[in-house]
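Participant: Got a sequence here, can you model it:
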Amino acid sequence: MSAPATIRRLQTSAKLLNHVLLASKQDPKDQLQYFDSLAIAAQRAADSLLCSSILAGHGSESDEFSDVAVWLGPGSFGKGHEQSVLNSLGLQSDSISPVALATPSNIPTTVRVQNSTPELDAFTHKLSELKELHCFSTPSSGSDVIFSLIGKAANGGWGGLVGIGVWSDE
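Facilitator: Numbering: from 1, shown residues only. All right, here's what the predicted structure looks like:
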């Protein structure tokens, strides 16, 4: 499971930049650092729960992909503007499905949490810095499903995490 594998797979579906923070033309350094640390916390939390992606959760059939950070910048990227998020990332989709977030942790319900871990608590704490969080998924090529967890940062710009899950067609 790795961020580079996730980025390479996303690049097959989109025109993304070749670094972990994918989507920004405006990249305030403190926001980039925050979202980078959010991706690291997400990976540690996923590892502690024995899954590769905190977004795709336990249902994904692949351990190849982890979640990567994205900084979208200012704009209309809140709930109801999922297509704007995808467009900003260079992705296209006619099918967008909401992914529920657990209360009060805001962890996607794709993750089955029976007992919290220190790593999950640290991720939840870091995630609490974002407002107006929403999560959604969209099918990609083959059996890939792209997940996005997007929120508004303290400075008013938007960012979050993007990950890939794999489900075989049955």
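Participant: what residues does the helix or strand where Glu119 lies touch?
Facilitator: Applying DSSP states H and E as the criterion places Glu119 in helix 118-127. Contact with helix 118-127 is made by 37-38, 41-42, 44-45, 47-49, 54, 105-107, 113, 133, 151, as judged by C-beta atoms under 8 Å, 6 or more residues apart in numbering. Every C-beta, even on glycine, is put in place using the N, C-alpha and C of the backbone.
Participant: Give the next helix or strand downstream of the helix or strand of the chain with the lowest mean pLDDT.
Facilitator: Least confident helix or strand, the chain: helix 3-13 with a mean of 54, by mean pLDDT, DSSP states H and E. Tracing the chain past helix 3-13, the next element assigned as helix or strand by DSSP H and E is helix 29-48.
Participant: Mean confidence (pLDDT) on the helix or strand that that next one is followed by, please.
Facilitator: Under the assignment DSSP H and E, the closest C-terminal helix or strand after helix 29-48 is strand 68-73. Model confidence over strand 68-73 averages 88 on the pLDDT scale.
Participant: just checking, next helix/strand downstream of strand 68-73?
Facilitator: helix 82-88.
Participant: Could I get the buried residue list for that next one?
Facilitator: Within helix 82-88, the residues scored as buried using 16 or more other C-beta atoms under 10 Å are Glu82, Ser84, Val85, Leu86, Ser88.
Participant: and if you look at stretch 113-129?
Facilitator: In stretch 113-129, the ones that count as buried by 16+ other C-beta under 10 Å are Val113, Glu119, Leu120, Phe123, Thr124, Lys126, Leu127.
Participant: Now the closest residue to Pro74 other than its chain neighbours. Its backbone dihedrals?
Facilitator: Excluding its sequence neighbours, the residue lying closest to Pro74 (C-beta to C-beta, 6 or more residues apart in numbering) is Gly157, at 5.1 Å. Phi and psi for Gly157, reported as degrees, to the nearest 10, are phi -80, psi 170.
Participant: separation between Gly157 and His58?
Facilitator: 31 Å (C-beta to C-beta, to the nearest Å).
Participant: Likewise for Leu161?
Facilitator: 17 Å.
Participant: Pick out whichever of those two has more residues nearby.
Facilitator: Applying other C-beta atoms under 10 Å to Leu161 and His58 shows that Leu161 carries more neighbours, namely 26 against 15.
Participant: quick one, what contacts the more buried one?
Facilitator: With C-beta under 8 Å, 6+ apart, Leu161 has these contacts: 35, 38-39, 42, 54-55, 67-70, 147-149.
Participant: In a markdown table: the residues you listed, plus neighbour count and distance to Val99.
Facilitator: What follows is these, written out as a markdown table (neighbours: other C-beta atoms under 10 Å; distance: C-beta to C-beta, whole Å):
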| residue | neighbour count | distance to Val99 |
| --- | --- | --- |
| Phe35 | 28 | 19 |
| Leu38 | 22 | 17 |
| Ala39 | 25 | 18 |
| Ala42 | 27 | 14 |
| Ile54 | 30 | 11 |
| Leu55 | 31 | 8 |
| Asp67 | 29 | 13 |
| Val68 | 28 | 17 |
| Ala69 | 25 | 18 |
| Val70 | 27 | 16 |
| Phe147 | 25 | 7 |
| Ser148 | 25 | 9 |
| Leu149 | 26 | 8 |
